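J.: dropping a prediction and its sequence here:
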Amino acid sequence: MDNKIIGQRLRDLRQSVKLSQMKLCKLNGNISQSALNRYENGISEASNEVLLWYADYFDVSLDYIFGRCDEPQGKLYNYQPKAFENDERMQDFIEMCFDPSSAANAKLKEAVLKLLKEQQK
């Protein structure tokens, strides 16, 4: 984690609604002003609880807070898991699931294998 990026995002979020560090700490109830100052200056690492509170309070994604994207709503993912890339076991499993004597199953198997290959692209 890059504490400087996270700290800057935390500061930007607070300042975007014109809150002082002290007022934000009172709203949260669990952060001291000195701790918040250390978080915003990248000196200390904010806990997961603090980061989740920020995400919920300011209605932003953790991707944004972590600096993984510049959109407060976060990344829109094109779900493409790499778990099955070049995984012969998955292809063997698909082969095992379909009865080779059934024409309908053969077509379904082809469709599943085609989808699997497309996901690998």
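T.: Structure received.
J.: quick one, what contacts the residue positioned nearest the centre of the chain?
T.: Nearest to the mean C-alpha position of the chain, by CA atoms, centre = their mean, lies D63 at 5.5 Å. Counting by CB atoms under 8 Å, 6 or more residues apart in numbering, D63 touches C69, G74, K75. C-betas here are computed from N, CA, C, even on glycine.
J.: what about the second one, which SS state?
T.: If I follow you right, that is G74. With DSSP: H, G, I helix; E, B strand; the rest coil as the basis, G74 sits in coil.
J.: so who does it touch?
T.: V60, S61, L62, D63, Y64, R68.
J.: who are the neighbours in contact with C25?
T.: I31, S32, Q33, L36.
J.: which of the residues you listed tops the neighbour count?
T.: Most neighbours among the contacts of C25, by other CB atoms under 10 Å: L36, with 23 neighbours.
J.: helix/strand/coil for the residue of the chain most remote from its centre?
T.: In the chain, the residue that sits farthest from the middle, by CA atoms, centre = their mean, is S101; the gap is 44.0 Å. Assigned by three-state DSSP, the conformation of S101 is coil.
J.: ramachandran angles for S44?
T.: Here is the backbone geometry of S44 (degrees, to the nearest 10): phi -120, psi 160.
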